[in-house]
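Asks: here is the input, now give the coordinates:
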Amino acid sequence: MLKSVFLLLTIFICWSGWAQEPETEVKQINIVYGGTFTKNEKQYPGAAIFSKDDRQVQFEHEGADLWCDIAIYYQKENRLKAIGNIKLQQGDSVQLTSGKIDYDGNLNLAKAWENVVLNQNSMTLTTDTLRFDREKQEAFYEHYGTVVDSSNTLTSKIGRYFTQLKKSQFLDSVNLVNPEFKLVSKQLDYYTVSKNAYLYGPSTITGEAYTMYCERGFYDTKIEKGYGIKNTRIDYNNRIITGDSLYFDKKLEFASATNNITIRDTVNNGLIRAHYAEVYKAKDSVFATKRAVSINLVEQDSLYMHGDTLMITGKPEQRILRAFRNAKFYKTDLSGKCDSIHFNQKTGITELITNPVIWNGENQMTGDSIHLLSNLETEKLDSLKVINNAFIISLDTVGKVGYNQAKGKDLFGKFIDNQLSTIDLVKNTELIYYTYNDDQELIGIDKTICSSIRMTLADNEIEEMTFFTMPDGDIFPEKDLPENSRLLKGFVWRGKEKILSKDDIFDEDDNNIQLVTIQGVDNPIDLDISAEEAVEEERKRDSISTAKVPLANPIEVKAEPKKNDNSPKLRKDPIKLDTIPKGRNEEKDN
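Replies: As a prediction, this is how the structure comes out:
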């Protein structure tokens, strides 16, 4: 029985020993060269004081070497305070210089202050105070710092540098200065090798010919190319572009936008809305699609123009707008549709091409081609042309059973204050018109042919008609004119297609467009931590404080002892502190 108990106890003890995780071995700070050695128990109890002679004091810890003029070394606590002309070298690429450093060998943590400079390859970080966590390979400052590399100069109030990633994270009052542009941000991650910047929070990039704003984005600072994905805007080529996502490439002179886009022409005050658009500076052009619409102000009334694709080309004051496939336009008293629309700002001519139709009030006008002409000085609508097979139709508004019709080879209309006031039909004109007396009783149906007809309108309704050159016709009682004689040849009523509002310019496909899913920018480290929280976190991690190692009478500490050939010279191979013989300075203190 006792043997069984003993066996179980032995197994338990062995298992417990195996189950315990091995503690991480803390490596001691090693003395490589001590120069002159002294002690001052009154000011630095338990510390050994090393001062340079013809060489600086040197320590080594975990693959890093530290040189300084004076070192106050606490061997038992495995920490030291270095003073004067300090250089901390880690490997071949990372070097830290400063006036003072507190170094904790247990935590692999250095706190440097006074003219701090951290170098890694072509990157230089300067600040007043820097915490360097060698365990995590992170450097942190909280009282403004500057990072300079071969391309850019970056400053911020708070910053963190990751030596393994060669990455800087800047918080609060971030500024990036490049010979070609400037960048201001609330938070920015920057990679010194690729020169790529990741933007978090309100950020503005200002170049020679552009200004870009976003609250989440990416920018390649070498070639001035990037994108934004939150509250994005770019001022470029006399246009202000906004959207859910914006892309910009300076070299290609190109910008694009995706989802919920607006493009405002700052010269002509025109506006484009769409869900995808491209801007080409060299061609001075805009391409827009996916529920694209152009909006322009015409005499206090907005003119909406839509097509499957919109394209605007040309310099300011000479813009050409094209709407392709299923083109439509709408303003309060005038609307129309066709296969494509072409507008030339320089000539003031808007062409409706292929199967065009326009509506003015209750009047429908069709023809092979329709032109709307604007006054170049006032920018008001001036006149209307319907070329070949001109046809004007309106529903009989009283009887609601027939159609008033007139046709000719061509039609010419005149606008006054953007209202259609007169219409002239010319060449081989024909008319069918329902006439009523003052009591709104049908008199008959007027059917006439002549050389030309002039119609005078008021409030978009025909008030008067004048026939020119030997009109031939009569007014027929309704019962005497057969149904098949009440429509002119070529009659097509397109009332169901009439555009009654700005929303009618979009069809079902436009309204059911599925928006593209915007790909995000990777979250930075500690994105959800504010600048204040980041500072507090670093302070908690910083176990070294100046109160722990007082610097009373610093002049006394900085004083270099006289050179003494009998002072200890430390070998390159580290040795224990208690093997060092007392120097003359230490004997005098005792």
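Asks: and Val401, how far from Arg486?
Replies: Counting by Cβ to Cβ, to the nearest Å, the gap from Val401 to Arg486 is 9 Å. For the C-beta atoms, the positions are set from N, CA and C on the backbone; glycine is no exception.
Asks: which of those two has more neighbours?
Replies: Arg486 (18 against 11; other Cβ atoms under 10 Å).
Asks: need the contact list for that one.
Replies: Gly402, Tyr403, Ile432, Ile445 (Cβ atoms under 8 Å, 6 or more residues apart in numbering).
Asks: what is the neighbour count of the closest residue to the second one other than its chain neighbours?
Replies: So the one you mean is Tyr403. Leaving out its chain neighbours, the residue that sits closest to Tyr403 by Cβ to Cβ, 6 or more residues apart in numbering is Ile393, at 5.4 Å. By the criterion of other Cβ under 10 Å, Ile393 has 23 neighbours.
Asks: now swap in Ile449 and tell me
Replies: Ile449: 14 neighbours (other Cβ under 10 Å).
Asks: gap between it and Thr456?
Replies: In terms of Cβ to Cβ, Ile449 sits 20 Å off from Thr456.
Asks: next: Lys427.
Replies: Taking Cβ to Cβ, one finds Lys427 at 20 Å from Thr456.
Asks: cool, and Ser374?
Replies: In this view, Ser374 and Thr456 are 22 Å apart by Cβ to Cβ.
Asks: comparing these two, which shows the higher neighbour count?
Replies: Ser374 (21 against 12).
Asks: ok, the closest residue to the more buried one other than its chain neighbours to Thr378 distance?
Replies: Once flanking residues are discounted, Ser374 sits nearest to Gly348: 3.9 Å by Cβ to Cβ, 6+ apart. Gly348 sits at a distance of 10 Å from Thr378 (criterion: Cβ to Cβ).
Asks: so between these two, which is more surrounded?
Replies: Remark: of Gly348 and Thr378, Gly348 carries more neighbours, 18 against 11, as counted by other Cβ under 10 Å.
Asks: I figured that one hits Asn375, correct?
Replies: Yes: contact criterion Cβ atoms under 8 Å: Gly348 and Asn375 qualify, at 6.8 Å.
Asks: give me the common contacts of those two.
Replies: Asp382.
Asks: now the buried members of the contacts of Arg486.
Replies: The neighbour-count test (16 or more other Cβ atoms under 10 Å) marks Gly402, Tyr403, Ile432, Ile445 as buried among those.
Asks: got TSV for the residues you listed, with distance to Asn512 and secondary structure too?
Replies: Putting the buried ones among the contacts of Arg486 into TSV (distance: Cβ to Cβ, whole Å; DSSP: H, G, I helix; E, B strand; the rest coil) gives the following:
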residue	distance to Asn512	secondary structure
Gly402	38	coil
Tyr403	34	strand
Ile432	41	strand
Ile445	45	strand
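Asks: still on that earlier bit, buried ones in the helix or strand in which the residue nearest to Tyr403 is found?
Replies: Using DSSP states H and E, Ile393 maps to strand 381-395. Within strand 381-395, the residues that qualify as buried are 381-387, 390-395, counting by 16+ other Cβ under 10 Å.
Asks: of these, closest to Gly63?
Replies: Leu381 (80.0 Å; Cβ to Cβ).
Asks: which residues does that closest one bridge with?
Replies: Note on Leu381: beta-bridge partners by DSSP bridges are Ser374.
Asks: how near is it to Leu395?
Replies: In this view, Leu381 and Leu395 are 24 Å apart by Cβ to Cβ.
Asks: Glu478 now?
Replies: The value you get for Glu478 to Leu395, if Cβ to Cβ is used, is 16 Å.
Asks: same check, this time on Thr211
Replies: 53 Å.
Asks: can you check Ile263 too?
Replies: Counting by Cβ to Cβ - Ile263 and Leu395 are separated by 39 Å.
Asks: one more: Gln187?
Replies: Taking Cβ to Cβ, one finds Gln187 at 63 Å from Leu395.
Asks: what residue ranges in the protein score low on pLDDT?
Replies: Counting by pLDDT under 70, the chain contains low-confidence ranges at 1-24, 298-299, 522-590.
Asks: quick one: the helices in it?
Replies: 2-19, 508-511, 531-541, 554-558, 584-589 (DSSP state H).
Asks: hmm, back to that, surely the residue nearest to Tyr403 meets Asn404?
Replies: Yes: if you go by Cβ under 8 Å, Ile393 and Asn404 touch, sitting 7.0 Å apart.
Asks: next up, the contacts around the spatially most central residue of the chain.
Replies: What sits nearest the mean C-alpha location of the chain, by Cα atoms, centre = their mean, is Gly228, with 2.4 Å. For Gly228, the contact set (Cβ under 8 Å, 6+ apart) comprises Leu199, Ser203, Met212, Tyr213, Cys214, Glu215, Arg216, Gly217, Ile234, Ser245, Leu246.
Asks: contacts only, for the closest residue to the fourth one other than its chain neighbours.
Replies: Once flanking residues are discounted, Tyr213 sits nearest to Arg233: 4.6 Å by Cβ to Cβ, 6+ apart. Applying Cβ under 8 Å, 6+ apart, one finds that Arg233 lies in contact with Met212, Tyr213, Cys214, Ile240, Ile241, Thr242, Leu246.
Asks: filter those down to the buried ones, PyMOL style.
Replies: The following PyMOL line selects those of those that are buried, judged by 16+ other Cβ under 10 Å:
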select buried, resi 212+213+214+241+242+246
